[in-house]
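Trainee: I'll drop the sequence and a predicted model, then ask my questions.
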Amino acid sequence: MAKLRYTTQEIIDALRKSKGFKSVAAKNLGCHRETIDNYLKRHPTIQTAYDEIREERNDIVESKIMKAIMDGNTAMIIFYAKCQMKDRGYIERNELEISTKDDKPLPIVIVSDEIDLTQL
């Protein structure tokens, strides 16, 4: 049976143990994920800790990406270039993306399956 109330530290510890995955933290506490979401909304200290835990997780992922790049993993090199080097021209445009000469995007209004150019 789930507890009715958790301390701030219990929620933070559960989030830390789960590496910031709210559903895992909730399962470990024996509550619903919505409970974790409610605590995050009501307690800025929990939200701050959650944000820091997620940043740590992102740092781990980023370091794995960089290791793969250093090991010559072509897919990771391309992925990194597309995500982080757009200012150098490494960008993949989707078929609805239109831009000006100086690479500024133009708004597109979709009317059914057609592009309404009169709205530009």
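Mentor: Structure received. Residues are numbered from 1 along each chain as shown.
Trainee: Please pull up the helix or strand immediately following the longest helix along the chain.
Mentor: In the chain, with assignment by DSSP state H, the single longest helix is helix 44-70. Per DSSP states H and E, the first helix or strand lying C-terminal to helix 44-70 is helix 74-84.
Trainee: Flag every buried residue along that following helix.
Mentor: By neighbour count with 16 or more other Cβ atoms under 10 Å, helix 74-84 contains the buried residues 76, 80, 81. All C-beta atoms are positioned from the backbone trio N, CA, C, and that covers glycine.
Trainee: sorry, back to before: so how far is the longest helix of the chain off the chain centroid?
Mentor: Helix 44-70 sits 10 Å away from the centroid of its parent chain (Cα atoms, centre = their mean, to the nearest Å).
Trainee: Report the mean confidence score over that helix.
Mentor: Helix 44-70 shows an average pLDDT of 96 in the prediction.
Trainee: Quick check: buried residues in it?
Mentor: Counting neighbours by 16+ other Cβ under 10 Å, helix 44-70 gives 46, 49, 50, 53, 65, 68, 69 as buried.
Trainee: of those, closest to residue 11?
Mentor: residue 46 (5.2 Å; Cβ to Cβ).
Trainee: Against residue 86, how distant is the closest one?
Mentor: From residue 46 across to residue 86, the span is 34 Å (Cβ to Cβ, to the nearest Å).
Trainee: again with residue 60
Mentor: In this structure, residue 60 lies at 24 Å from residue 86, with Cβ to Cβ as the measure.
Trainee: same check, this time on residue 79
Mentor: Per Cβ to Cβ, residue 79 is found 13 Å from residue 86.
Trainee: cool, residue 70 as well?
Mentor: Residue 70 sits 22 Å away from residue 86, going by Cβ to Cβ.
Trainee: same thing with residue 30?
Mentor: Using Cβ to Cβ, which is the criterion applied here, residue 30 is 44 Å from residue 86.
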